[in-house]
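J.: predicted model, plus sequence, below.
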Amino acid sequence: MSATKSIEAPNDEPATRPAPVLEVRDLCTEFRTKAGVGRAVDGVSFTLHEGEILAIVGESGSGKSVTSLSIMGLIPDPPGRIAGGSVTYGGRDLTRLDEKALQKLRGNEIAMIFQEPMTSLNPVLSIGRQMTEGIRQHTGMSEAEARKHAVEMMRRVSIPAPEKRLGEYPHQFSGGMLQRIMIAIAMSCSPRVLIADEPTTALDVTIQAQILELMRDLRATTGASIMLITHDMGVVAEMADRVVVMYAGRKVEEGRVEDIFARPRHPYTRGLLAALPVLGTAGEVGGTQLNEIPGVVPALTDLPNGCRFSDRCALSTDKCLAEDPPFADRVGAHSAACWHSDRLAPTMEATS
Amino acid sequence: MTAGTILSVRDLRKSFDVGGGLLRKSGTLQAVGGVSFDIGPGETLGLVGESGCGKSTVGKLIMKLHHPSDGAIFLRGVNIAGLSRRAMTPMWRKVQTIFQDPYSSLNPRMSAGAIVGEALTIHRIASGAEKTRRVAEIFEKVGLRADQMGRFPHEFSGGQRQRLSIARALIVEPELIVADEPVSALDVSIQASVINLLIRLQKEMGLSMLFISHDMSVVEHVSHRVAVMYLGRIVEIGSRRRIFGDPQHPYTRALLSAVPVADPAARRRERIVLKGDVPSPIDPPPGCHFQTRCPFAQDICRKVLPDLLPTGGGHKVACHVRMPDAVA
């Protein structure tokens, strides 16, 4: 791929790009803390397209979860607030909608699942009640119709004996089963967008495999767009069509999943990939060292001048310490916010 | 048990009485149901499995945080299974532990230097200037600075706190470290540096290590040998090369194939997606515990619990239907 900062899409992009469903532009979300105001999300932009799985990946404090909560209008105010930018869905800016209008969208056109299914469900209401409530609210179905629909949804997420389990309570389900229920609830009103925030992080790896497969199936059958928020590069590689990498509240890299993994253009992305022990590649114990990224993520109330990654970056120069690199946005292509993208070796695989 | 074995666990068992509270049926939960393994000098044994498989209970039994229901734990030939906590005290010089959560395992009111140096006083190894010298030395060794000794745990980052836990464990120069999910709470970039540190120190100090983790990739990276647990039992144990290169138990294969690989080109690989959940350890299925989810289960698997049998080269597997060389 050429390294010119052209604004044209490169030729290897498909001619007909799927239509944008959700557009986030210059999103800024702030939190007031004792140490001052911290911008958890600072000028983040990306587009979720029809039927695509877009992964937002980053470590703790990168702002990935705050981004998803901002989109859903779920930032607690105070201490937080959306300080700028827009989230466009269906011609409307979600950041300007009132709570009533947002409630109509949430769970209906835009659904969300969280990391901890146990804390997202009400422990004293039956699963059936919690499933039918949302369905009735958004579709106007009768109780009997909603129950039938709920059973159908449970069947789709492979819950055995759904009629019987409808009367049971959250504590009677395993973690994997509860996450299936959450997905069934989320998908029950056929949303156009599913926002999944670390949906498998609390689950065992064999259960995670089931849930990821289920999400892929649902995308294939319903055509929903999925925004997948995760810290796990393995999950990203398995699921995503495109990837946004976040660091300290900023988008630092964006591109197709193949490009991100084979030719990362930001030293942070590259560092993350090299820090991972990869199954099946270990030599003798201690023979190969994992890549270490020195230092820690900067506090949002005390950010360095220039590039936010500069104090941990091996490629850092005086320019990085002085000037914040802009996100070199090449429309629809693979881009990063780094002065030295072109100095990064093309692939990590070459070293292993 | 061969001469020079540091840790030898024989038919270790632990069951818990599960109270019959509101909405729950009472019963006996067999967390560990007859586990045996050895760890040699300078060797790391990785103990892997999913939540509820009993791997952490095995670690706690060795650390005497739980009292075993049955079985033996030989530490340098001494059976510590029946020892009281008081009788165990001198043994803590030989075996030390590192926990998952560096936040809750460090006393917030003690300085970092005092936390790390405490064991030197308890075991009457050193005091005064000699103690300070040793603490400073171990600080440098784990990648902290001696001038950080006066700081308190909250002044350290997550990765640094785990370095503190490592320093605290290593200062008494133990022979065995039980590390229970030591890097699971850390971000990837920090995790890498703690893993590198553990491997380096282990080599330098000739430590033996029981490395308990749910993360197959991490276990492969640090372990010489690996034991896979399922519902309280070891289903397969062997060299790292064997477990990751040619696993014989269907559960090991499923576990490995379920790990998401950080390479989009690996999406088309063969995968075994297991159906259903892990059965309750209060009411395990008859026969092989894995039979309810095993794609290869036969009649015998539903009736007879398979023994962990040697297949050669120190490798053992508990399966009636030994896997062919390649996944069918």
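T.: On my side now, so go ahead. Residues are numbered from 1 along each chain as shown, chains lettered A, B, ... in the order given.
J.: B:F211 is in what secondary structure piece?
T.: strand B:208-213 (DSSP states H and E).
J.: tell me which helix or strand in chain B has the weakest average pLDDT.
T.: Ranking every helix and strand in chain B by mean pLDDT, DSSP states H and E puts helix B:85-88 at the bottom, with a mean of 85.
J.: the helix or strand where B:I195 lies packs against which elements?
T.: Per DSSP H and E, B:I195 falls inside helix B:188-205. Applying 3 or more C-beta pairs under 8 Å, 6 or more residues apart in numbering or on different chains; DSSP states H and E, one finds that helix B:188-205 contacts helix A:267-275, helix B:158-170, helix B:216-222. C-betas here are computed from N, CA, C, even on glycine.
J.: neighbouring contacts of the least confident helix or strand of chain B?
T.: Applying C-beta atoms under 8 Å, 6 or more residues apart in numbering or on different chains, the external contacts of helix B:85-88 come out as B:64, B:80.
J.: share the number of residues neighbouring residue 46, please.
T.: Here I'm looking at chain A. 18 (other C-beta atoms under 10 Å in any protein chain shown).
J.: nope, chain B please
T.: B:G46 has 28 nearby residues by other C-beta under 10 Å.
J.: circling back: so which of the helices and strands packed on helix B:188-205 gets nearest B:V18?
T.: With C-beta to C-beta as the measure, helix B:216-222 is the member of those nearest B:V18 (29.2 Å).
J.: avg pLDDT for that closest one?
T.: Mean pLDDT, computed over helix B:216-222, is 95.
J.: identify the residues contacting it?
T.: Contact with helix B:216-222 is made by A:205, A:276-280, A:282, A:285, A:290, B:44, B:46, B:48, B:183, B:191, B:195, B:198-199, B:209, B:211, B:213, B:226, B:240, B:244, B:255-256, B:259, as judged by C-beta under 8 Å, 6+ apart.
J.: could I have it exported to CSV, CA atoms only?
T.: Written as CSV, here are the backbone C-alpha positions of helix B:216-222 (Å, rounded to 0.1, in the frame of the first residue of the first chain):
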residue,chain,number,x,y,z
MET,B,216,-3.5,-20.9,27.5
SER,B,217,-1.2,-18.6,25.6
VAL,B,218,0.4,-17.3,28.8
VAL,B,219,0.8,-20.9,30.2
GLU,B,220,2.4,-22.0,27.0
HIS,B,221,4.9,-19.2,27.2
VAL,B,222,6.0,-19.8,30.8
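J.: in it, what's buried?
T.: B:216-222 (16 or more other C-beta atoms under 10 Å in any protein chain shown).
J.: the strands in the stretch 1-150 of chain B, which residues?
T.: With strands called from DSSP state E, counting those that start in this stretch, the stretch 1-150 of chain B shows them at B:7-18, B:27-39, B:44-48, B:70-75, B:78-79, B:95-98.
J.: give me whichever of these is most buried.
T.: strand B:44-48 (a mean of 26; mean count of other C-beta atoms under 10 Å in any protein chain shown).
J.: what about that one and chain A, any contact?
T.: Yes. Applying C-beta under 8 Å from any C-beta of the partner chain, one finds that strand B:44-48 is in contact with chain A at B:T44.
J.: other residues contacting that strand?
T.: Under C-beta under 8 Å, 6+ apart, the answer for strand B:44-48 is A:285, B:37, B:39, B:55, B:58-59, B:202, B:208-216, B:219-220, B:222-229, B:240, B:255.
J.: 7 Å instead?
T.: The set of residues external to strand B:44-48 that reach it, using C-beta atoms under 7 Å, 6 or more residues apart in numbering or on different chains, is A:285, B:37, B:39, B:55, B:58, B:202, B:209-214, B:216, B:219, B:222-229.
J.: ok, stretch A:87-97 next?
T.: Under C-beta under 7 Å, 6+ apart, the answer for stretch A:87-97 is A:22-24, A:27, A:71, A:73, A:82, A:86, A:102, A:110.
J.: from B:S217, how far out is the residue in the stretch 151-300 of chain A that chain B sits nearest to?
T.: Going by C-beta to the nearest C-beta, chain B is nearest to A:G234 of the stretch 151-300 of chain A, at 3.1 Å. A:G234 is 8 Å from B:S217, where distance means C-beta to C-beta, to the nearest Å.
J.: swap in B:S157?
T.: Going from B:S157 to B:S217 by C-beta to C-beta gives 23 Å.
J.: check which helix or strand B:I237 maps to.
T.: Under the criterion of DSSP H and E, B:I237 resides in strand B:233-239.
J.: average model confidence for that strand?
T.: 97.
J.: do it and chain A meet at all?
T.: No. On the criterion C-beta under 7 Å from any C-beta of the partner chain, strand B:233-239 is out of touch with chain A, staying 11.0 Å away.
J.: send me stretch B:76-96 as CSV with only the CA atoms.
T.: What follows is stretch B:76-96, C-alpha atoms only, in CSV (Å, rounded to 0.1, in the frame of the first residue of the first chain):
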residue,chain,number,x,y,z
ARG,B,76,11.0,-31.5,49.8
GLY,B,77,9.9,-34.9,51.0
VAL,B,78,8.0,-33.6,54.0
ASN,B,79,4.2,-34.2,54.0
ILE,B,80,2.7,-30.9,54.8
ALA,B,81,-0.9,-32.0,54.2
GLY,B,82,-1.7,-32.6,57.9
LEU,B,83,0.5,-29.8,59.4
SER,B,84,-1.2,-27.1,61.4
ARG,B,85,-0.7,-23.5,60.4
ARG,B,86,1.7,-23.1,63.3
ALA,B,87,3.7,-26.1,62.2
MET,B,88,3.7,-24.7,58.7
THR,B,89,5.4,-21.5,59.6
PRO,B,90,9.0,-22.6,59.0
MET,B,91,7.8,-24.1,55.7
TRP,B,92,6.9,-20.7,54.4
ARG,B,93,10.6,-20.1,53.7
LYS,B,94,10.4,-22.9,51.1
VAL,B,95,7.1,-22.0,49.4
GLN,B,96,5.7,-18.6,48.7
